[in-house]
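Student: Give me the fold of what follows.
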Amino acid sequence: MTTRPRALKLLVFTVGAGTLGSEIAAARLLAPWFGASTIVWANTIAIVLVALSIGYALGGRFADRDPRPVGLARIVLVASALLAVVPFVSGPFLRQAVKAVDQLSAATFLGSLLGVGVLIAVPLVLLGMVSPYAVRLSVDSVEDAGRTTGRLYAISTVGSLFGTFLAALLLIPVVGTRRTFLLFAAAMALAAVANLDTRRWTAAVVPAAILGLVALPTGTLKGAGGDATVVWERETEYQYARVVEEPDGERTLELNEGHAVHSVYRAGEYLTGNYWDEMLVLALAGGHAPPRSVAILGNAAGTTARALGHYFPGTRVDAVEIDSELTDVGRRLFGMTGPNLHTHTADARPWLEASTRKYDVIMVDAYRQPYIPFYLATREFFALVRDHLEPGGLVVINVGHPEGSDALEKVLAATMRAEFGADAVWRDPAEDTNTMLVGATATDPAGRLGAVAPRLEPDLAETAAATAARIGPALRGGRVYTDDVAPVEWLVDTSLAEVAE
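Tutor: Model prediction:
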């Protein structure tokens, strides 16, 4: 069988695109179950590199044994079929993986490693075989070996770049993760068929079947469980998001793995019985009560912004959320309105850096559960926050943590003290898994909040009085994090493992 140089180059390009496109899609596939942290990305990249390395070694051996285009085409057809199956088996498998790692107390690291390894390692090993196999088919003489190898690997790398940007910028946002897998798989299968001299029409059933799967409705990525229903879900530019509605009408916003609720809504009610209430009343613990201006960094669907607008309509609220689709769903399904509400689609720290305003209160509630972005946990960030506070202003940080673990709280408290002063950071242990840290430019936040409480509406006054009674000095003993060294994810994973023991 003769080699078609153009068809072979097209196959190498397409496989390069499919390999990296599948890597991007795999990380998105894991996000609803394990989040989208650096840990998850590291595991995904590691599995891809290991699988490709094995494929490179095997590809050379197989090419020497059967140096025909048909042998290479068959490998790609099998890999394409396996990749097409991945999004259909991922849900049941990842659900069991989550349960397994919960039982083994293995947290995110082992869970995501297991997930990505089982789902995509085998097809990526097969795809790794393509480049050395193609080199073997293309080299006619030793004198041409270097030039031919360099050209084919360059084509593969350009294909990888194309696949990366195509997946991230177009396919995943427009057609979703499942169809991204299917389209890459179909493209590789079609390119493989072009390298066959005979039985092309028989082999064409593989890309045809994969393209047929594209037409299937995607449905709900994760069931709500119990009597609840998923009323909205989206794979946004940044994450997987869904809104779950209970039979009584309560709505909750879940992001990525869904272990935590990021916003809650009950029609006609503004207090939630959860940590958002503490963030709300702590805004009264500074030099101005009610505050004249509040910035919320990590607004999600606007639970706190909505409450501020209701209780303190004269307060300017700048609600910052990096994901515009969460802001949109906040307006549509979470009643996020306010007479002085201003929404901003931006990453929290760059937005604050560019802002010329100063605030009475800055709230930080930006999580990709269970991790806080490292650049919102450093001395440089808190210096920026301090510079954007009015005299008497304060910052309120929601510190989510494993139950019984205070490691992250201690680190954040130490880092805040480095900028606000040794005696200017307080804590409110609001929930078993949420502690509010307060860094203030005014003294005695507990006394200030306690003095304001009797003047509030009865439901809010009770929450304010209870919060004031809990406020005390922040814990000591943590390490100061900086932009250069801030191992937040390592710290959280270690805490999860320790608590689970």
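
Student: Going by residue numbers, what spans are strands in the protein?
Tutor: Along the chain, counting by DSSP state E, strands occupy 229-235, 240-245, 251-255, 261-265, 293-297, 316-321, 341-345, 359-364, 389-400, 425-428, 434-440, 472-473.

Student: in its sheet, what does the longest one sit against?
Tutor: Take DSSP bridges as the rule and strand 389-400 pairs in its sheet with strand 359-364 (parallel), strand 434-440 (antiparallel).

Student: residues of it that come out buried?
Tutor: Leu389, Glu390, Gly392, Gly393, Leu394, Val395, Val396, Ile397, Asn398, Val399, Gly400 (16 or more other C-beta atoms under 10 Å). Every C-beta, even on glycine, is put in place using the N, C-alpha and C of the backbone.

Student: Among those residues, find me the one that's closest to Ala215.
Tutor: Gly400 (40.8 Å; C-beta to C-beta).

Student: any idea of the pLDDT on the closest one?
Tutor: For Gly400, the pLDDT comes out at 82.

Student: hey, what's it bridged with?
Tutor: Beta-bridge pairing of Gly400 under DSSP bridges involves Asn434.

Student: Would you confirm that it contacts Asn434?
Tutor: Yes. Gly400 is within contact range of Asn434, at 5.6 Å (criterion: C-beta atoms under 8 Å).

Student: quick one, what contacts the closest residue to Ala187 other than its chain neighbours?
Tutor: Nearest non-adjacent residue to Ala187, counting by C-beta to C-beta, 6 or more residues apart in numbering: Thr14, 5.3 Å away. Residues counted as contacts of Thr14 (C-beta atoms under 8 Å, 6 or more residues apart in numbering) are Gly159, Ala187, Met188, Leu190, Ala191.

Student: hey, where'd the helices end up in the stretch 301-450 of the chain?
Tutor: Taking DSSP state H, counting those that start in this stretch as the test, the helices found in the stretch 301-450 of the chain are 303-311, 324-333, 348-354, 379-387, 407-420, 445-452.

Student: which of these is buried the deepest?
Tutor: Highest mean neighbour count of the helices of the stretch 301-450 of the chain: helix 303-311, a mean of 25 (counted as mean count of other C-beta atoms under 10 Å).

Student: for it, packing partners?
Tutor: strand 261-265, helix 275-282, strand 293-297, strand 316-321 (3 or more C-beta pairs under 8 Å, 6 or more residues apart in numbering; DSSP states H and E).

Student: so the second one versus strand 293-297, what angle?
Tutor: Right, the one you point to is helix 275-282. Counting by axes from the mean of the first three to the mean of the last three C-alpha atoms, to 10 degrees, helix 275-282 lies at 150 degrees to strand 293-297.

Student: what does helix 275-282 rub up against?
Tutor: 264, 271, 303-304, 307-308, 311, 361, 363, 365, 394, 396, 398, 428, 430-431, 434, 436, 438, 445, 449, 453, 460, 463-464, 467.

Student: Could you list the low-confidence segments of the stretch 1-150 of the chain?
Tutor: 1-3, 31-38, 95-112 (pLDDT under 70).

Student: just the helices in it please.
Tutor: Using DSSP H, counting those that start in this stretch, helices in the stretch 1-150 of the chain cover 5-34, 38-65, 69-104, 107-128, 130-138, 145-166.

Student: Would you confirm that Thr19 contacts Met129?
Tutor: No. Taking contacts as C-beta under 8 Å, Thr19 lies outside contact range of Met129: 11.2 Å.

Student: winner for burial among the strands paired with strand 389-400?
Tutor: For the strands paired with strand 389-400, the largest average neighbour count (mean count of other C-beta under 10 Å) is found in strand 359-364, namely a mean of 27.

Student: CA atoms only for that strand, dumped as CSV, please.
Tutor: Output of strand 359-364 as CSV, limited to C-alpha atoms (Å, rounded to 0.1, in the frame of the first residue of the first chain):
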residue,chain,number,x,y,z
TYR,A,359,-15.2,51.7,49.9
ASP,A,360,-16.5,51.4,53.4
VAL,A,361,-16.7,47.6,53.0
ILE,A,362,-15.0,45.2,50.7
MET,A,363,-16.3,41.6,50.8
VAL,A,364,-14.3,38.7,49.3
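
Student: quick one: it to strand 316-321, angle?
Tutor: Per the same axes, to 10 degrees, the angle that strand 359-364 makes with strand 316-321 is 20 degrees.

Student: Please name the residues that touch the closest residue to Ala285 other than its chain neighbours.
Tutor: Nearest non-adjacent residue to Ala285, counting by C-beta to C-beta, 6+ apart: Pro445, 3.7 Å away. Counting by C-beta under 8 Å, 6+ apart, Pro445 touches Leu282, Ala285, Gly286, Leu394, Trp426, Val438, Ile471.

Student: Could you save these as TSV and add columns showing distance to Leu77 and pLDDT?
Tutor: Listed next are the contacts of Pro445 as TSV, based on distance: C-beta to C-beta, whole Å; pLDDT from 0 to 100:
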residue	distance to Leu77	pLDDT
Leu282	60	97
Ala285	65	95
Gly286	65	93
Leu394	62	96
Trp426	63	97
Val438	61	97
Ile471	65	96
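
Student: how about the helices of the stretch 1-150 of the chain in a markdown table, adding distance to Leu384?
Tutor: Listed next are the helices of the stretch 1-150 of the chain as a markdown table, based on distance: least, C-beta to C-beta, whole Å:
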| stretch | distance to Leu384 |
| --- | --- |
| helix 5-34 | 29 |
| helix 38-65 | 22 |
| helix 69-104 | 36 |
| helix 107-128 | 29 |
| helix 130-138 | 46 |
| helix 145-166 | 32 |
